[in-house]
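Requesting a structural model of the entry that follows:
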Amino acid sequence: MSSTAITWAVAKRSLMLIPRMPSTFFPSLIMPVFLTISFSGAFSGIVELPGFPADTSLSWFIPMTTIQGAAFAGITTGMGVARDFESGFYDRFLASPASRTSLLGGPLLAATFRGLLPVILLLAITLITGTDIPGGPLGVVSLMLAATGVSLIGGAWSTGVALRSKSLQAVPLIQAGLFIGFFLSTAQMPIHLLTGWLHTVARFNPMTNILQLARQGYLGDVTWSTTWPGLVALAGAAVGLIYFAHRGMRKVIP
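Sure thing, here's the model as predicted:
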């Protein structure tokens with residue numbers, strides 16, 4: 001089999017685990033819905049702040065929870081790798097003639113597909129709640145681009161950790177890394193309303209630009225000036241974390 005065929009076969013196996021083991025994936029769908037309801041309700045008055053860029057709290061929080069859901073959908077692929085290590089199944093992959101690049105590419109490809117499911121769900125909530133998307137179709141495209149990029153990043157991060165730990169005990173570390181990345185950014189507040197050290201951290205946090213890419217269609221027109229920083233942040237994080245996962249794959253032994 002070609003490397004492409006092997007990559008797709010490994011990705012297909014990962015995707016087939018969603019209906020077979022729904023308990024491992026459904027939390028990444030339930031969590032963004034829960035956070036959307038919680039944040040938009042508890043922080044509904046946030047739009048009254050001077051200079052706040054959204055007219056409704058849903059316009060501000062739906063893109064954020066979509067991205068967060070996509071990230072956690074992506075890390076479920078790494079959790080699957082860790083589970084295969086614990087069961088001994090992954091040793092069969094490593095002992096097979098398949099290239100290490102194919103074995104790594106499969107989970108990462110599956111992660112991008114998994115990241116689309118939270119997007120579809122949150123777009124449905126957007127329609128149900130009547131939340132406006134001033135950016136139109138381009139706003140939806142930018143949200144989907146940000147979500148699939150973040151799911152790839154989450155998949156690379158979790159797979160890299162799984163290849164080193166070979167255990168599901170590393171899941172808290174994987175999740176903590178994502179939570180830190182999100183909540184030290186503009187997840188809940190625009191950067192010009194942040195103060196102190198949090199403003200400084202959020203300014204240099206790549207997730208700030210990724211959230212800007214995802215939110216722009218909900219806040220106004222889609223422009224290149226609010227698109228390219230997010231694309232650069234996605235590309236940089238993806239390259240760095242895929243390299244991190246690749247080094248883990250090169251060093252792992254049956």
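
after the helix or strand where Val150 lies, next one along is what?
Using DSSP states H and E, Val150 maps to helix 136-165. Proceeding N to C from helix 136-165, the next assigned helix or strand is helix 171-183, under DSSP H and E.

list the buried ones in that next one?
Val171, Ile174, Gln175, Gly177, Leu178, Gly181, Phe182 (16 or more other Cβ atoms under 10 Å). No exception for glycine: its C-beta is placed from N, CA and C like everyone else's.

Find me the pLDDT at the most centrally placed residue in the chain, would you?
In the chain, the centroid-proximal residue (Cα atoms, centre = their mean) is Ala71; its distance is 2.0 Å. What the model reports as pLDDT for Ala71 is 95.

swap in the one 4 residues further on?
At Ile75, the pLDDT value in this model is 94.

so it touches Leu173, yeah?
No - judged on Cβ atoms under 8 Å, Ile75 makes no contact with Leu173 at a distance of 10.8 Å.

Do a quick rundown of the helices in this protein.
Secondary structure of the chain (DSSP state H): helices at 3-20, 27-42, 57-87, 90-95, 100-114, 116-129, 136-165, 171-183, 196-204, 206-219, 228-251.

Lowest mean pLDDT across those helices, which one is that?
Among these, helix 27-42 scores lowest, with a mean of 85.

List the buried residues for that helix?
In helix 27-42, counting by 16+ other Cβ under 10 Å, buried: Ser28, Leu29, Met31, Pro32, Val33, Leu35, Thr36, Phe39, Ser40.

and the last one, what does it touch?
Just to be clear, that refers to Ser40. Contact analysis of Ser40 by Cβ atoms under 8 Å, 6 or more residues apart in numbering lists Thr56, Ser57, Leu58, Phe61, Ile62.

State the distance from it to Val141.
23 Å (Cβ to Cβ, to the nearest Å).

again, but for the second one
In this structure, Leu29 and Val141 are 22 Å apart, going by Cβ to Cβ.

cool, and the fifth one?
Applying Cβ to Cβ, the value for Val33 to Val141 is 22 Å.

so Thr126 sits right up against Ile133, yeah?
Yes - at 6.8 Å, Thr126 and Ile133 qualify as touching, with contact defined as Cβ under 8 Å.

Tell me the span between the first and last residue of stretch 89-104.
15 Å (Cα to Cα, to the nearest Å).

for it, which positions count as buried?
Tyr90, Phe93, Ala98, Ser102, Leu103, Leu104.

Please name the residues that touch the residue nearest to Thr126 when sequence neighbours are not counted.
If the residues on either side of it in the chain are set aside, Thr126 comes closest to Ile62, at 5.9 Å by Cβ to Cβ, 6 or more residues apart in numbering. By Cβ under 8 Å, 6+ apart, the contact list for Ile62 reads Thr36, Ser40, Leu122, Ile125, Thr126, Thr131, Tyr218.
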